Each structure stands twice: as C-alpha cells, then as structure tokens.
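K.L.:
Provide a 3D model corresponding to the input given below.
(2 chains)
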Amino acid sequence: MDARTFRVVAAILAIFVSCGCGGGTPSGGLDAALEDGWKAFSTGDFDFAVNCFKIVESADAPALEQTYSALLGLATCHHLRPNPDLARARSYYVRLAELDTDAARAQSLLGLGRLEMAAGKPGQGQSELMSLMQDYPDRLEASEAAVHLADSLFRPHGDDAKPGEFTLAREAAVLRGLETLEAWLGTHPDDLLASAMHIMLANKYIEMSDFEKAVEHLVAADEAGIAGVKTRSVTLWRIARIAQKELKDYELAETYYARYVAEFERTVLFYRAAKSLERVQALRAGQGV
Amino acid sequence: MKGLWTKLRRYPALLLLMVVYVISCGVVITNAIRAAGGAPGEKQKKVLRFAHWQLEPGIRSAVDQVMADYEEIHPDVEVRQILIPEEGYFRWVNTQLIGRTAPDMIQCGSGGVVGWALWPKFYARYFLALDRYVDQPNPYNKGTHFEDTSWRKTYFDEMEGGYDESLQSYFSVPLSTFTVRLYYNKDLIEEVWGPSFPATYLEFIELCEELVRYGEQAGRKLVPIAGSGYNFRQFFNAYRTAFTADYLDRLDADYDGTVTRVESAGPIYSGAVEMTEPSIRANFELVRELSEYFPQGYMALDRDEAVFLFLQGHSAMISTGSWDYKSLGVQSEFAIGVTDIPLPSKDNARYGRYMAGPQTEAGLKGGFRMAITKVSRNADVALDFLQYASSLERNQELNEAMYWLPVIEGAETREHLKPFAPRIEGFSPSIEYEGPGAELAYNQLLPAYMSGKIEYEEFAQQLVEAYRRESHRGVDEYIKNNEQTLDQQMRFAAMRRAILTGAKGASEAIAGDSEAQYKRIIEAYVGQLGTRNNEIRVWTENVRLLGHGEL
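P.N.:
Okay, the predicted model is just below:
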C-alpha cells in the first residue's frame, strides 16, 4: 500500500470512527457527568453510566464527594448490571473504603457483603454485613445489611444439577436470622426499615405456622408505617385473614377487615374483605360480644 | 482526483464499502430529519408523532379532534397520528426503538407473552420516567375541582395503569379503560327468544339450542356464540374464577390474598389438589358444554374472524371488550345489546353448589397507555399534550367520541356504556391450571378436550402427567426469572441509597422523596423475598408428599 492509498484508507476509517463513537460520550463538567451517569444507571444504560463515572474517576483533582459518587457509581454498575463483573465491582468497593469517610466505608461494606454472597461465599458476605452493623449501627446501610443478612439465613438453595430441587434453610440458620432482625428492632425500634423487617419476620413465622408471632409483627409493621400502598393493603388483609382463620380472634379480624374495606375499594380483594367483615361481625355477635 | 479514482478501482471491495456507507449516511440523515419532525413546510412547528394500534372505526377521528383542539391553543405544535395494525405493532415498535427513529409518543402493551416480558426493558431503556410529574397537578385541570390535586390522584386507579411494578416507576399515561362483556344481536335474539335476554344460565343454554334449531329451520348455519382462540380465554377465566374462588383458603399458603402459579402448581403436581375434584371438573365441563355453541375449530380462529362471524349475522353473540363497542355498532346492520357473561345461579342443580360469584373488576387499571420516548426532541410538549388529553374535560370528550370508558375520576361515561362499568362485587382467580413448565401440555390438551377428542378423565390424567414430567424444570426457571425482578429492585434501592448518602449528581438524576421511595422499595423487596421463599417451601413440600406417597 503506497502513502496516498494509506491516507485514503485512514481518512475513511477516521470517518467511521468519528461517526460510530460520537453518541456515547457525556458532555459538560464533572458534576454533569455524574448526573448523566446516575441518570443512565437509573434507566439501566450501564455502559453509558460507566463511561460517565470513569470521566470523573480519571479526572485530575476531583473533589472528595465527586470521587465518592464516581466510585460508588462504578462499583454499583458493575455489581448490579445484568451479567455483573464482580471482580471489577470488588476493586471499586475496596477503593471506596479508602476514601476514609463513614458513608464510603459503610457503602463499601454493604456492597462487598452482597457481592461475596453473589459470588457464592455466604460466610464471608455475612461477616462483612455483621461488621457494618457493628461499626456503623446508626447508618442506613447497616439497616439494609440486617435485611440482607436475614435473607441469606432464610434463603433456600437450588441445585443447578437437579432443576427444581431446593434445600430449605436449616433450622439453626433460620433462628439466627430471626434473632438478628429481632435484636436489631430491639435496639432500633424507629428504624427507617422497621416495617420491612417486621414483614420479613412475619413471613418467616407464617412459614413456621407460628401465627401469633406473625400477626404480632404484621401489626408492628403497620404501626411502624408502611410506605407502599400495595404492601399496606396486603398487610391489612393478612392480619385480618390470619386472625380470622388461624387465631379465631374475630375482634382483630373485624378491625383490619374494616380498615381494608375503608381504604382499598379499588382492589380485587375488596369484595372478599367486605363479605369476611360481615362474617366475623356475625361470629362476634354469636359469641355475645 | 483521477489518480485517486485509478487507485480506488484496484480495491473494488473498498469502493463498494464507501458507496454503501455514503448511502447509509443519507438514509440516516433523512430518518433523523423525519424523526425531528423537520419535514419540508413544517419548519416553524414542533411536530409530535403519536403511534398506536387502535384502528377501530371512530378512534382515529376522536384522536384527531383532541389533536386539533390542542393545536388550536398551541399553534406552534402539530400532532400527527401513526396507525399501525396490531399484528405488526410490537415488531414495528421494537425496530423503531432500536433504530432510534421512534415517534414522540408510543402506545404500550402489545406483543403477548414476549411483549409482557420485554416492555419493562423497553421502558427502562427507551422511555421517559414520569415520576417527577405525576405528583404535580395537571395544569389543564385548572378551574376544576382537581386544580390542586396531583395528576396521579385524578385517575380512577391513581394511575396504577401507568406504573411499572418491576421498575417501581411511572412510564405511561393511560387515556381509557376497558371491561369485557357479552354482546348480542338484539334483533335476532328478539326473533328467536323474545324481547329480554335470558336471565339465568339454564335459559341461556336454551337460547343457544333455540338458535341452532332456528338456523337449521331457516336452512342456514347459525352459530350461537362467535368464539375464537382470542375470546375463549375471557370466557374461560370468568368461569374459572366463579368455580374456584374458594380455593383461595386452600392454596394461599402465605395469606397474601393471591394464589401464585407455584402455589397452584405444587398441589396439582403432588395430587393434594386433584384435577378431578368436583368444582374443577365442573369448571371444565361447563366451558365444554358452552363451546358446543362456538364455531367448529374456534380455537384456531382469531379475533377478527370471530367479529366477522358476528357482524355477518352468522353468530348471535360474541364475548369481547368495550373497545369494540363502537366498531361493532358502526359495522353491524342490527341493534346490539350488551350483558354480563351468564353464570349458573346458586340453585342450578348441576353447577350451583360450586358457584362463588362473578369475577371482580375492582382491580381494573387504565389502558390505551401512552409513553414518551427518550429520543423525542419535544418531550416536554409530548408530556403537555398527554396532560391535556388526560384532563377531566378532555378525557371525557375523547372517550365520549371513542365510545370508551374514561380514566379520570368523575368523567362522565356515555349512557350506552353503562353496562361496561367495572363490577366491584366479585372474586379474583384462585387457581392457575397452567403451572410453570406445563403450559405447552395444557394448551395442547385443552383444545383436545374441548373439541371432544378426549374425555375429561384423560385430559386430567395427561395434564397431571405433564406436571410431573415438566414442573421441576418449569418451577426452577420460574424462580430464576423472578430473581431478576429482585435484582432490579436492588438497583433502584441502590440509587435511592446513593442519594440519601450524598452521592453527587444522584439527586438531580431522579425525582421524588428518596427516603420514602427507598423504604417503599425495600418493603416491596422483602415482600417478594417472602413470596419466593414461600413458593419454594410449597413446591418442596409437595415434591416430598408425592415422593413419600403421603397422599
């Protein structure tokens, strides 16, 4: 190939490269790149998000909070994207911890804990989560760690070699999970995630057919305040239903069916709740209450 | 130049590549200009393109009217409709989205089972999340009692129809809602039966018999009900709920008020619930009894063929949705009546003891949902147009013109459409026969049973055999697929957590109260963890029951 031909080919390649790659680069300053990165993360556009966060990570002298945001973004993208790259995610979580702020270290421990579990090392993951709960007991990440720790103890396991065969969690692990959540709620009764933890406990007690405790925790979840409308409607229904069918506590059932009927007319269980309310009222009347 | 040409001629492949590249550039530029609405003569206007598949008569003109009204108050905007037939709609949307040539607004929700799985992925990648707008008042409700009400709260379903549970976000704006009823040829029924439609299920069967006799006497083929593969499912589900509502107490192992596919499949697999139980058997036998009055080979017919049979007067009844009300009225040469799908009453000797009641429509959500694409250059105008179309007054007008049900609370429904008003009383389905893995077998065996090729015992036996053969793999896949939803929830939780811990740029990227959203996401997450653990426990217990022969 002589020099002139080479120039032609190079020019064509340059056009190809410039046309093909122009659409995937963010523009603006570091803060704008971070905003673009988080926007892309929220819509599942992980490649673009990684590009944005990398611009900040490799910038000359980003501010501490910019570095925190970029490293957290990179770690989270590689961790939570479909086909995750756990090795890269781990390296960013480790670098995050080096930032030496409580937020960065707590996020790092939470990320590493979940990552180890995803990598098939539950013991190591649980230990990271427990460190987080011990070292930063008043942080949001620690509350979430309690949820993931309990989940890892309650979780049944599938067998890839035998599809459809599962091993349920061992009794000792389940008891440890219950203790973890109950102890956390004992010391953090007003935790932001208290409602979620009570629901988790109730689910497990229902599985164990301990309906008294299940209802106790569902009522506690309701009292702690449930943010999700659907979760709230299901919780009211479950309290009423278990009270009626299992505990024969018709007074409690009446209270919660009545609340369900008053609050959730636009749900498929409305008519059942209304009919059940009539039934428990009749039962109570029959009991002379 | 001549030298360059001489050189290039030595490389024909390179030459060809350059020519193709230049042509491609031309096509891309043309498409980009079209996508931007920059067609010749329209340079001064912002052009909004609006794609949907509603080709029923009257819909296009009704939407045209709303567009014209909007253009009148926004003379710098032009709104255009793109009508795509339903059969090719999903493929068309897919191509447009991937090619980044999609219009500004797209109707969401078609594509059957594949579409059901793919739409959340489309939303996440190609559509604008509307969360930051739904809690603000709709500016076009100014002067009404909704003036200070959030846009979301003006909807009869609080805009649930536009909310994607798996992404925990609002992505579409519903404009109408729909219910399914039985339409009938009033003239023909009056001639054969009398002025009023049968009041009971037994009378309904008598009517069908009368219609068959009437056809034979008149020397023409008259099919009482214009069934097809499409509307058979609507028919079947109405009866499934009526016959099996009581299974809720038996199958809902976690007391959450719903019976999941595994909560059904486990007991059917083990035999704890037998397909030969009286109410289940009655469910299938009644539908088979009714299918005697459907056209031969109805399972292979599609929706349009069934509608054609009805419109041609070859069928006296058809079960379809309120979306067909105007099109059937316009195209038929007879008066049309609308009624509920008839259920046996409690005193029916054969079926009455199993009857719970009708299927509730209390959980009805908005439909005809429009989402705004991210490639739209006028996303703010598209949003404004959708707010206009979903304001109290306009939504009523639009739906009056389309003969559809409005979605805004308090918007008046046409008198003719009153029979379509959502039924609050009633039950939700409480058993699912198509267990994970057994779908194929079910969909092969059901037509065989309905057409009389096999008897019920054989149907039930072969279905249970299919459960025992296929459910292990099916349940495994089902559980794994559901894990993906959990992963998505964790992504949204991580985003909110990043905001709450001060990650720069995160709070500007997504709207809403992050603390409340974070709490809500974790609550939904633990709810789904509970469902997963419960399903695995139910499944495992049923595998053990069958293995140990404890039944």
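
K.L.:
So for the helix or strand containing B:I205, what gets flagged as buried?
P.N.:
Per DSSP states H and E, B:I205 falls inside helix B:201-218. Residues of helix B:201-218 classed as buried by neighbour count (16 or more other Cβ atoms under 10 Å in any protein chain shown): B:201-202, B:204-205, B:207-208, B:210-212, B:214-215. Glycine gets a C-beta too; all of them are placed from N, C-alpha and C.

K.L.:
And that helix, what does it pack against?
P.N.:
Applying 3 or more Cβ pairs under 8 Å, 6 or more residues apart in numbering or on different chains; DSSP states H and E, one finds that helix B:201-218 contacts helix B:186-192, strand B:223-225, helix B:278-291.

K.L.:
So for A:A97, which of these sits nearest?
P.N.:
helix B:278-291 (57.7 Å; Cβ to Cβ).

K.L.:
next helix or strand past that closest one?
P.N.:
As assigned by DSSP H and E, the chain's next helix or strand after helix B:278-291 is helix B:303-311.

K.L.:
Residue 91 is in what secondary structure piece?
P.N.:
No chain was given, so I picked chain A. In the assignment (DSSP H and E), A:S91 maps to helix A:86-97.

K.L.:
my bad, the chain I had in mind was chain B
P.N.:
helix B:86-98.

K.L.:
Relative to B:F492, how far out is whichever residue of the stretch 51-200 of chain B sits closest to chain A?
P.N.:
Residue nearest to chain A within the stretch 51-200 of chain B (Cβ to the nearest Cβ): B:A124, separated by 4.1 Å. Computed as Cβ to Cβ, to the nearest Å, the B:A124 to B:F492 distance reads 10 Å.

K.L.:
Are there residues contacting both of those two? Which ones?
P.N.:
Common neighbours of B:A124 and B:F492, using Cβ atoms under 8 Å, 6 or more residues apart in numbering or on different chains, are B:L167.

K.L.:
Those two: which has the busier surroundings?
P.N.:
B:F492 (24 against 20; other Cβ atoms under 10 Å in any protein chain shown).

K.L.:
Can you name the next helix or strand after whatever helix or strand the more buried one lives in?
P.N.:
Assigned by DSSP H and E, B:F492 belongs to helix B:456-500. Where DSSP H and E defines the elements, the next helix or strand beyond helix B:456-500 is helix B:506-509.

K.L.:
outside of that following helix, which residues touch it?
P.N.:
A:34-39, A:41-42, A:69, B:495, B:498-499, B:514.

K.L.:
Nearest residue to A:R272 in space, please, no chain neighbours.
P.N.:
B:F427 (6.5 Å; Cβ to Cβ, 6 or more residues apart in numbering or on different chains).

K.L.:
now swap in A:V234 and tell me
P.N.:
Using Cβ to Cβ, 6+ apart, the nearest residue to A:V234 is B:D256, at 5.2 Å.

K.L.:
distance of that neighbour from A:S143?
P.N.:
B:D256 is 24 Å from A:S143, by Cβ to Cβ.

K.L.:
can you check B:A382 too?
P.N.:
Distance of B:A382 to A:S143, given as Cβ to Cβ: 40 Å.

K.L.:
B:E87 - how many residues pack around it?
P.N.:
B:E87 - counted by other Cβ under 10 Å - has 12 other residues nearby.

K.L.:
Leaving out chain neighbours, which residue sits closest to the closest residue to chain B within the stretch 151-289 of chain A?
P.N.:
Nearest to chain B, among the residues of the stretch 151-289 of chain A, is A:G164, at 2.9 Å (Cβ to the nearest Cβ). Once flanking residues are discounted, A:G164 sits nearest to B:H472: 2.9 Å by Cβ to Cβ, 6+ apart.

K.L.:
from what I can see the one you found touches B:G437, true?
P.N.:
Yes - here B:H472 reaches B:G437: they are 7.4 Å apart, a contact under Cβ atoms under 8 Å.

K.L.:
Looking at these two, which one has more neighbours?
P.N.:
The neighbour comparison of B:H472 against B:G437 (other Cβ under 10 Å) goes to B:G437, with 24 against 19.

K.L.:
burial of the spatially closest residue to that one that is not a sequence neighbour, as a residue count?
P.N.:
Of all residues not flanking B:G437 in the chain, B:G474 sits nearest, at 1.9 Å (Cβ to Cβ, 6+ apart). Counted with other Cβ under 10 Å, the neighbours of B:G474 add up to 25.

K.L.:
so B:G474 makes contact with B:P436?
P.N.:
Yes - shown here, B:G474 and B:P436 form a contact pair, counting by Cβ under 8 Å, at 3.5 Å.

K.L.:
got any residues that touch both of these two?
P.N.:
Residues touching both B:G474 and B:P436 (Cβ under 8 Å, 6+ apart): B:A265.

K.L.:
Check what pLDDT the nearest residue to B:K480 once chain neighbours are set aside gets.
P.N.:
Counting by Cβ to Cβ, 6+ apart, B:K480 lies nearest to A:G158, which is 7.9 Å off, once chain neighbours are set aside. pLDDT for A:G158: 86.

K.L.:
Quickly list what A:G158 is bridged to.
P.N.:
In this structure, A:G158 bridges to A:F166 when assessed by DSSP bridges.

K.L.:
tell me the contacts of the residue of the stretch 51-200 of chain B closest to chain A?
P.N.:
A:43-44, B:167.

K.L.:
Next: A:S152.
P.N.:
A:117, A:122, A:125-126, A:129, A:177.
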